[in-house]
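**Student:** show me the folded form of this:
(one chain, ligands or ions: 1)
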Amino acid sequence: MTNQSSGERLTLYSQSHSPYAHKTIVFAHEAGIAGQLDIIDHETSPTNRNPAVFAVNPLGKVPVLITPEAGAIFDSLVICDYLDGLHSGPKLIPTNGAKRWQALRLHAVAQGLCDAGIALRWETLRRPEALRYPPLQEGQTAKLVESYDLLERQEPLDGPVDIGQIGLATALAWLEFRALPDFRTKRPRLTRWYEEFSQRPSMRATAYHGETQDGPAPAAIAG
Ligand SMILES: N[C@@H](CCC(=O)N[C@@H](CS)C(=O)NCC(=O)O)C(=O)O
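**Tutor:** Residues are numbered from 1 along each chain as shown. Next comes the predicted model:
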């Protein structure tokens with residue numbers, strides 16, 4: 001990429017296994033400005049407070065970008081919007097027309113996949129077994145399956161790279177990384193698109209790794 005930018009260094013509070021953080025990093029690569037980011041990995045979990053992250057985001061979540069003019073900004077879409085203003089190439093968040101709403105809608109589906117995937121992991125893995133609620137597990141699985149089917153059937157996936165495609169590719173990569181319900185079987189169009197996108201340098205340079213650190217369960221429920 002040859003996009004021009006101010007070249008100012010920016011700190012990104014990130015996490016090597018967060019789909020939201022991954023999205024912002026792939027976005028920076030696609031915008032040609034990844035070299036400006038100083039990425040600091042932080043472990044976060046609602047059951048394992050990280051004071052350094054709370055110091056910059058009252059929600060205790062990553063990603064967070066520290067900007068010169070506005071201080072700490074979040075969440076991932078806001079960070080992508082900020083990064084899109086730093087380069088002179090074609091905008092990855094289309095500014096108007098049908099392309100804008102298609103891209104943001106695809107991004108919303110992708111964001112929902114991550115949200116449902118995380119909720120499902122709580123119900124299958126992260127919450128102590130005695131506190132899990134099977135109807136929630138089924139409900140979150142249904143959101144994933146319905147979304148996969150919609151993506152296979154009708155969501156436009158072609159055209160220049162945009163925030164929707166970046167969100168989707170990083171979400172699908174995370175769902176596979178975490179062995180969440182499979183999106184490939186009987187979805188050849190989605191699978192083909194994903195495999196092709198995964199070959200982009202932005203994706204190849206930024207694979208997921210690491211484990212969530214939820215902290216010890218209190219003795220009363222540890223069993
Ligand atoms: N809507 C936020 C979601 C961020 C998020 O949930 N990040 C996770 C890591 S994957 C986190 O830090 N969770 C800690 C917590 O929920 O307390 C975004 O798009 O940035």
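**Student:** ends of stretch 73-93, what's the gap?
**Tutor:** Start and end residues of stretch 73-93 are separated by 17 Å (C-alpha to C-alpha, to the nearest Å).
**Student:** and that stretch, which residues are buried?
**Tutor:** 73-77, 79-80, 82-84, 86-87, 91-93 (16 or more other C-beta atoms under 10 Å). (Each C-beta comes from the backbone N, C-alpha and C, glycine too.)
**Student:** show residues contacting that stretch.
**Tutor:** Contact with stretch 73-93 is made by 1-6, 12, 20-21, 23-24, 27-28, 30-33, 36, 57, 59, 61, 63-65, 67, 70, 100, 103-104, 107, 111, 160-163, 166, as judged by C-beta atoms under 8 Å, 6 or more residues apart in numbering.
**Student:** how far does that stretch sit from its chain's centre?
**Tutor:** Centroid separation between stretch 73-93 and its chain, computed with C-alpha atoms, centre = their mean, to the nearest Å, is 14 Å.
**Student:** get me the contact residues on the protein for the ligand.
**Tutor:** Applying C-beta under 6 Å from any ligand atom, one finds that the chain approaches the ligand through 15, 18, 20, 44-46, 60-63, 74-76.
**Student:** secondary structure and pLDDT added to the residues you listed, as CSV?
**Tutor:** Rendered in CSV, the data for the residues of the chain next to the ligand read as follows (DSSP: H, G, I helix; E, B strand; the rest coil; pLDDT from 0 to 100):
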residue, secondary structure, pLDDT
15, coil, 98
18, coil, 98
20, helix, 99
44, coil, 98
45, coil, 98
46, coil, 98
60, coil, 98
61, coil, 98
62, coil, 98
63, coil, 99
74, coil, 98
75, coil, 98
76, helix, 99
